[in-house]
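Asker: Quick one, what's the 3D model for this:
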Amino acid sequence: MVQNYENNQSRTRKGNKLPLAMVSGALVGAVVVLAADSEERRRLKSGSSNAKHKVSDYATRVKEDPQGVKDDWLGRIQSAASITKEAVQKIQEILDEQGSQIKESAQDIQHESKEMIETAKDAGEELQSVGDKAQEAKEELSSDNETNETEETTITDINDKK
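Answerer: Model (predicted):
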(Lines give C-alpha, C1' and ligand atoms only; values in the text may rest on other atoms or scores of the structure.)
Protein backbone atom coordinates (compact mmCIF):
# COMPACT_ATOMS: atom_id res chain seq x y z
CA MET A 1 0.00 0.00 0.00
CA VAL A 2 2.83 2.38 0.82
CA GLN A 3 4.48 1.44 -2.46
CA ASN A 4 1.29 2.34 -4.40
CA TYR A 5 1.20 5.71 -2.68
CA GLU A 6 4.84 6.37 -3.61
CA ASN A 7 4.16 5.34 -7.25
CA ASN A 8 1.19 7.68 -7.41
CA GLN A 9 3.28 10.52 -5.97
CA SER A 10 6.05 9.99 -8.53
CA ARG A 11 3.47 9.91 -11.36
CA THR A 12 1.93 13.12 -10.02
CA ARG A 13 5.32 14.83 -9.99
CA LYS A 14 5.98 13.68 -13.56
CA GLY A 15 2.51 14.84 -14.62
CA ASN A 16 3.16 18.32 -13.18
CA LYS A 17 6.22 18.74 -15.43
CA LEU A 18 4.19 18.77 -18.62
CA PRO A 19 2.52 22.19 -18.11
CA LEU A 20 5.87 23.63 -17.03
CA ALA A 21 7.51 22.25 -20.17
CA MET A 22 4.73 23.66 -22.35
CA VAL A 23 5.03 27.15 -20.82
CA SER A 24 8.82 27.01 -21.11
CA GLY A 25 8.58 26.03 -24.76
CA ALA A 26 6.15 28.86 -25.48
CA LEU A 27 8.47 31.37 -23.80
CA VAL A 28 11.49 30.12 -25.72
CA GLY A 29 9.52 30.32 -28.96
CA ALA A 30 8.41 33.87 -28.18
CA VAL A 31 11.99 34.93 -27.39
CA VAL A 32 13.21 33.44 -30.68
CA VAL A 33 10.50 35.26 -32.65
CA LEU A 34 11.23 38.55 -30.89
CA ALA A 35 14.97 38.17 -31.41
CA ALA A 36 14.57 37.42 -35.11
CA ASP A 37 11.86 39.93 -36.11
CA SER A 38 12.31 43.65 -35.31
CA GLU A 39 8.81 44.49 -36.61
CA GLU A 40 7.30 41.98 -34.17
CA ARG A 41 9.34 43.50 -31.31
CA ARG A 42 8.05 46.98 -32.20
CA ARG A 43 4.44 45.72 -32.42
CA LEU A 44 4.71 43.93 -29.07
CA LYS A 45 6.25 46.99 -27.42
CA SER A 46 3.52 49.24 -28.80
CA GLY A 47 0.75 46.83 -27.74
CA SER A 48 2.19 46.50 -24.25
CA SER A 49 2.45 50.26 -23.91
CA ASN A 50 -1.16 50.74 -25.03
CA ALA A 51 -2.40 48.09 -22.60
CA LYS A 52 -0.43 49.73 -19.78
CA HIS A 53 -1.99 53.12 -20.53
CA LYS A 54 -5.51 51.69 -20.70
CA VAL A 55 -5.13 49.89 -17.37
CA SER A 56 -3.62 52.99 -15.79
CA ASP A 57 -6.46 55.20 -17.09
CA TYR A 58 -9.08 52.74 -15.86
CA ALA A 59 -7.43 52.53 -12.42
CA THR A 60 -7.40 56.33 -12.22
CA ARG A 61 -11.11 56.49 -13.13
CA VAL A 62 -11.92 53.89 -10.47
CA LYS A 63 -9.95 55.85 -7.83
CA GLU A 64 -11.64 59.13 -8.74
CA ASP A 65 -15.21 57.88 -9.04
CA PRO A 66 -15.69 54.26 -7.94
CA GLN A 67 -19.48 54.59 -7.75
CA GLY A 68 -19.63 56.08 -11.27
CA VAL A 69 -17.56 53.23 -12.73
CA LYS A 70 -19.71 50.72 -10.89
CA ASP A 71 -22.91 52.36 -12.16
CA ASP A 72 -21.48 52.49 -15.69
CA TRP A 73 -20.68 48.76 -15.61
CA LEU A 74 -24.08 47.90 -14.12
CA GLY A 75 -25.78 49.99 -16.81
CA ARG A 76 -23.84 48.23 -19.53
CA ILE A 77 -24.63 44.82 -18.06
CA GLN A 78 -28.33 45.63 -17.73
CA SER A 79 -28.40 46.98 -21.28
CA ALA A 80 -26.72 43.84 -22.59
CA ALA A 81 -29.15 41.70 -20.61
CA SER A 82 -32.19 43.51 -22.04
CA ILE A 83 -30.81 43.26 -25.58
CA THR A 84 -30.21 39.56 -25.02
CA LYS A 85 -33.73 39.12 -23.65
CA GLU A 86 -35.18 40.86 -26.73
CA ALA A 87 -33.11 38.65 -29.01
CA VAL A 88 -34.30 35.52 -27.21
CA GLN A 89 -37.92 36.66 -27.50
CA LYS A 90 -37.48 37.36 -31.21
CA ILE A 91 -35.92 33.95 -31.73
CA GLN A 92 -38.81 32.34 -29.85
CA GLU A 93 -41.34 34.20 -32.02
CA ILE A 94 -39.56 33.07 -35.17
CA LEU A 95 -39.43 29.48 -33.95
CA ASP A 96 -43.13 29.55 -33.04
CA GLU A 97 -44.11 31.00 -36.42
CA GLN A 98 -41.87 28.71 -38.42
CA GLY A 99 -42.88 25.75 -36.28
CA SER A 100 -46.56 26.28 -37.09
CA GLN A 101 -45.76 26.61 -40.79
CA ILE A 102 -43.67 23.45 -40.68
CA LYS A 103 -46.48 21.64 -38.87
CA GLU A 104 -49.00 22.73 -41.53
CA SER A 105 -46.64 21.65 -44.29
CA ALA A 106 -46.14 18.29 -42.63
CA GLN A 107 -49.90 17.79 -42.39
CA ASP A 108 -50.30 18.70 -46.07
CA ILE A 109 -47.57 16.24 -47.00
CA GLN A 110 -49.21 13.56 -44.89
CA HIS A 111 -52.59 14.14 -46.56
CA GLU A 112 -51.05 14.09 -50.04
CA SER A 113 -49.11 10.93 -49.17
CA LYS A 114 -52.32 9.20 -48.14
CA GLU A 115 -53.93 10.21 -51.43
CA MET A 116 -50.92 8.89 -53.36
CA ILE A 117 -51.10 5.60 -51.49
CA GLU A 118 -54.81 5.24 -52.25
CA THR A 119 -54.18 6.01 -55.92
CA ALA A 120 -51.37 3.46 -56.02
CA LYS A 121 -53.63 0.85 -54.39
CA ASP A 122 -56.37 1.55 -56.95
CA ALA A 123 -53.87 1.27 -59.78
CA GLY A 124 -52.59 -1.98 -58.28
CA GLU A 125 -56.10 -3.41 -58.15
CA GLU A 126 -56.74 -2.40 -61.75
CA LEU A 127 -53.42 -3.90 -62.81
CA GLN A 128 -54.34 -7.08 -60.95
CA SER A 129 -57.60 -7.32 -62.88
CA VAL A 130 -55.71 -6.72 -66.13
CA GLY A 131 -53.24 -9.42 -65.08
CA ASP A 132 -56.16 -11.78 -64.40
CA LYS A 133 -57.55 -11.05 -67.88
CA ALA A 134 -54.13 -11.66 -69.40
CA GLN A 135 -53.87 -14.96 -67.53
CA GLU A 136 -57.33 -15.90 -68.75
CA ALA A 137 -56.32 -15.09 -72.33
CA LYS A 138 -53.15 -17.12 -71.95
CA GLU A 139 -55.12 -20.07 -70.68
CA GLU A 140 -57.55 -19.69 -73.58
CA LEU A 141 -54.68 -19.73 -76.04
CA SER A 142 -53.12 -22.70 -74.31
CA SER A 143 -56.35 -24.65 -74.45
CA ASP A 144 -56.72 -23.83 -78.18
CA ASN A 145 -53.23 -25.17 -78.85
CA GLU A 146 -54.01 -28.39 -77.02
CA THR A 147 -57.24 -28.78 -79.02
CA ASN A 148 -55.41 -28.13 -82.31
CA GLU A 149 -52.66 -30.61 -81.40
CA THR A 150 -55.29 -33.23 -80.57
CA GLU A 151 -57.08 -32.63 -83.91
CA GLU A 152 -53.78 -32.81 -85.84
CA THR A 153 -52.90 -36.06 -84.13
CA THR A 154 -56.29 -37.49 -85.02
CA ILE A 155 -55.96 -36.40 -88.67
CA THR A 156 -52.46 -37.85 -88.87
CA ASP A 157 -53.67 -41.10 -87.37
CA ILE A 158 -56.51 -41.30 -89.90
CA ASN A 159 -54.11 -40.63 -92.80
CA ASP A 160 -51.73 -43.27 -91.52
CA LYS A 161 -54.51 -45.84 -91.39
CA LYS A 162 -55.50 -45.30 -95.00
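
Asker: which stretch of helix or strand covers the residue nearest the centre of the chain?
Answerer: Nearest to the geometric centre of the chain sits L95, at 17.9 Å (C-alpha atoms, centre = their mean). Here L95 sits within helix 66-161, counting by DSSP states H and E.

Asker: Can you name every helix or strand that that helix contacts?
Answerer: Packing contacts for helix 66-161, counted by 3 or more C-beta pairs under 8 Å, 6 or more residues apart in numbering; DSSP states H and E, involve helix 38-64. The C-beta positions use only the backbone N, C-alpha and C, and glycine is treated the same way.

Asker: could you check the angle helix 66-161 makes with the helix it packs on?
Answerer: Using axes from the mean of the first three to the mean of the last three C-alpha atoms, to 10 degrees, the direction of helix 38-64 lies 120 degrees away from that of helix 66-161.

Asker: any idea how far helix 38-64 is from the chain center?
Answerer: 43 Å (C-alpha atoms, centre = their mean, to the nearest Å).

Asker: Flag the shaky bits of the protein, pLDDT-wise.
Answerer: 1-15, 144-162 (pLDDT under 70).

Asker: Apply 80 and report the result again.
Answerer: 1-16, 31, 33-35, 37, 40-41, 143-162 (pLDDT under 80).

Asker: circling back: could you report the distance from the residue nearest to the centre of the chain to V88?
Answerer: 10 Å (C-beta to C-beta, to the nearest Å).

Asker: likewise S113?
Answerer: 36 Å.
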